[in-house]
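**Q** For reference, the sequence and a predicted model appear below.
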Amino acid sequence: MKLGRVLLPVITFSVLSLSSAWALAPATEITIYNQDLALIKKSQNVSLKKGINEIVFDEVARQMRPESAFIFGDGIKILEQNYDYAGVNYMNMLQANVGKKVKTVRTNPSTGQNVYERATLIAVDGASPVLKFDYGIETNFPGRVLFDKVPLGLTSTPVLKAKAEVQEDGDKSLYLAYLTSGFSWEANYVAKVNDDKTLELLGRVSLNNNSGSSYDNVNVNLIAGDVNTVSRVVMPRMMLMKSTNAAMDSLAESAVITAPDALGGYYMYQIPQPTSLNDGQIKQVSFVNAPKVNYLKEGTVFSTLSFGANKTSFENVNPSLICSFENIASDGLGIPLPKGKISFYDYDKNGALQFVGENNIDNKAEGQKIELKLGKFFDIYAEGQVTDIQKISERKYKKSTKDTCVTVEQTSLYEVVYKVTNKAKYEANLILKQPLPSDAKIISESVKGEDEKGDLRVWKFKVPAGSTQEIKVSLQNKFEQRDCGLIMLE
């Protein structure tokens, strides 16, 4: 729809407002990233005249990054584009009326009545108007300036204007894409224990719109993963942020986000139906609903024993409470899970649901194991002790002829006993991890262990309710120390 036309000697300018020229409903898509960033794409059908047309995209984001914006369409050449946002406020209204007649009002201190006058606004000194009345010039006017209308060029919402050249008249589809700040999203999960083998896992994403702009009937995508952006100077946010509390809004349970699509090194999740994103609003949408996920609750103890140094015992160590499960389809999962916080709930002996801990997960691909530390076991404790050290061999030497100290290399056999006591009323799965020196070698062990990365020896076992599990280990280690008080005879 053509709103106006100005004839020039050579070319014709047609002023078009895209919001009024759409043949169909507005088509807007917002892709939100994890890091205060969103990509907004808009499309619209317009009628253009041969030559140069001025087009206007109304209601673009207040926190738009103008340098990221681009407009395109078949057979359209963009000559220039401008981001205009002179907001409607007192200062801008004053500046726009400099040199014009304005109405003023002040209160008569004796009668309390308002006195209305006309004056010429000749300048603006900071936030103070300089007014010329019939009787003289006021530089410290004790009243207010009133305005008859909003001057041209001032808008309540920002706009993007562009000059576009086309070779012939016709209807065209125009597309606008730009980046904006003020959007973010995060995943949050709730795990509710069903029994000692399964739990129910629910996942929701929270969409946060603090962009200063509202959007209705838009398609929304979410990108999991951190994209690289270049830091920039952020404009003052006084005009960009609402000073109201954020509203909470939840979609119906049927509005479940569809399975994600791979996008380069990231994943894209899509809300299946158009939705609204109002400024200052947090919207929650379901994307995981797995009622029966197999899980394992374990206690993990990290031993602080060392072999060759002085640490030969520890006691009263409460194991860390670790819950783990697999991100696999057979458990109702099997989709890439974006990073977020998981809150765990379990039932007490009276059948009441209680919060038992929470933690964060990183991005987890399909098939990955998820392990979460939720706290520590209260009624399970561990101890360990080196009960005997037998020297197998010893060697003294100097590392160089100029060395004044002697290096003592000793190989010893260490006898170690670990004990884990379970005072709970249930059987507990335990994992004991012992850091080992690089030269250490296991000679014997009462419970078969396994080697893990980081020079760890790991034992996995069960401790029945009300009992103590004992693990005995013999290991050999070569240990060196420097002795600068020892004299070696050549």
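**A** Looks like it arrived, so ask away. Note that the coordinates shown come from a computational prediction; the quantities given were computed from them, not determined experimentally. Numbers count the residues shown, from 1 in each chain.
**Q** for the protein, longest helix please?
**A** Ranked by number of residues, the top helix in the chain under DSSP state H is helix 90-96.
**Q** Flag every buried residue along the following helix or strand past that helix.
**A** The helix or strand immediately downstream of helix 90-96 is strand 101-107, counting by DSSP states H and E. For strand 101-107, a neighbour-count test (16 or more other CB atoms under 10 Å) marks 102, 104 as buried. C-beta here means a position set from N, CA and C on the backbone, and glycine is covered the same way.
**Q** any weak-confidence spans in the protein?
**A** Within the chain, the set of residues satisfying pLDDT under 70 comprises 1-26, 84-90, 92, 150-157, 225-265, 309-310, 485-490.
**Q** For it, which segments are assigned as helices?
**A** For the chain, the helices defined by DSSP H cover 18-21, 90-96.
**Q** CA atoms only for the last one, dumped as CSV, please.
**A** Output of helix 90-96 as CSV, limited to C-alpha atoms (Å, rounded to 0.1, in the frame of the first residue of the first chain):
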residue,chain,number,x,y,z
TYR,A,90,10.5,15.6,27.6
MET,A,91,14.0,16.3,26.4
ASN,A,92,13.3,15.2,22.8
MET,A,93,10.0,17.1,22.7
LEU,A,94,11.8,20.3,23.8
GLN,A,95,14.6,19.9,21.3
ALA,A,96,12.1,19.3,18.5
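**Q** could you say what helices and strands that helix packs with?
**A** Helix 90-96 is packed against strand 114-125, with contacts defined by 3 or more CB pairs under 8 Å, 6 or more residues apart in numbering; DSSP states H and E.
**Q** 10 Å instead, please
**A** strand 114-125, strand 128-133, strand 144-146 (3 or more CB pairs under 10 Å, 6 or more residues apart in numbering; DSSP states H and E).
**Q** Quick one: residues contacting the spatially closest residue to Asp439 that is not a sequence neighbour.
**A** In space, and not counting its chain neighbours, Asp439 is closest to Lys478: 4.2 Å by CB to CB, 6 or more residues apart in numbering. Applying CB atoms under 10 Å, 6 or more residues apart in numbering to Lys478 gives the contacts 307-308, 392-393, 395, 409-412, 437-441.
**Q** Identify the bridge partners of Lys478.
**A** Thr411 (DSSP bridges).
**Q** What's opposite Gly357 in the beta bridge?
**A** Beta-bridge partners for Gly357, by DSSP bridges, are Phe344.
**Q** That one: what's it in contact with?
**A** Residues 191, 321, 323, 342-346, 372-376 are the ones in contact with Gly357 under the rule CB under 10 Å, 6+ apart.
**Q** Please determine how far it is located from Leu374.
**A** According to CB to CB, to the nearest Å, Gly357 and Leu374 sit 3 Å apart.
**Q** okay, and the common contacts of these two?
**A** 191, 321, 323, 342-344, 346.
**Q** about what we covered before: so which of the contacts of Lys478 is the most crowded?
**A** The most crowded member of those, judged by other CB atoms under 10 Å, is Phe307 (22 neighbours).
**Q** Next up, the contacts around that one.
**A** 386, 389, 412, 414, 416, 434-437, 439-440, 475-479.
**Q** Against Thr401, how distant is it?
**A** Distance of Phe307 to Thr401, computed by CB to CB: 31 Å.
**Q** mind listing what's buried in the strand ranked longest in the chain?
**A** Ranked by residue count and defined by DSSP state E, the top strand of the chain is strand 281-302. By 16+ other CB under 10 Å, the buried positions in strand 281-302 come out as 281-283, 285-288, 290, 293, 295, 297-301.
**Q** go on, stretch 107-119?
**A** Buried, per 16+ other CB under 10 Å, within stretch 107-119: Ala119.
**Q** ok, now stretch 124-133?
**A** Under 16+ other CB under 10 Å, the buried positions of stretch 124-133 are 124, 129-131.
**Q** outside of that stretch, which residues touch it?
**A** With CB under 10 Å, 6+ apart as the criterion, stretch 124-133 contacts 90-91, 93-95, 97-98, 101-102, 104, 117-123, 137-141, 143-145.
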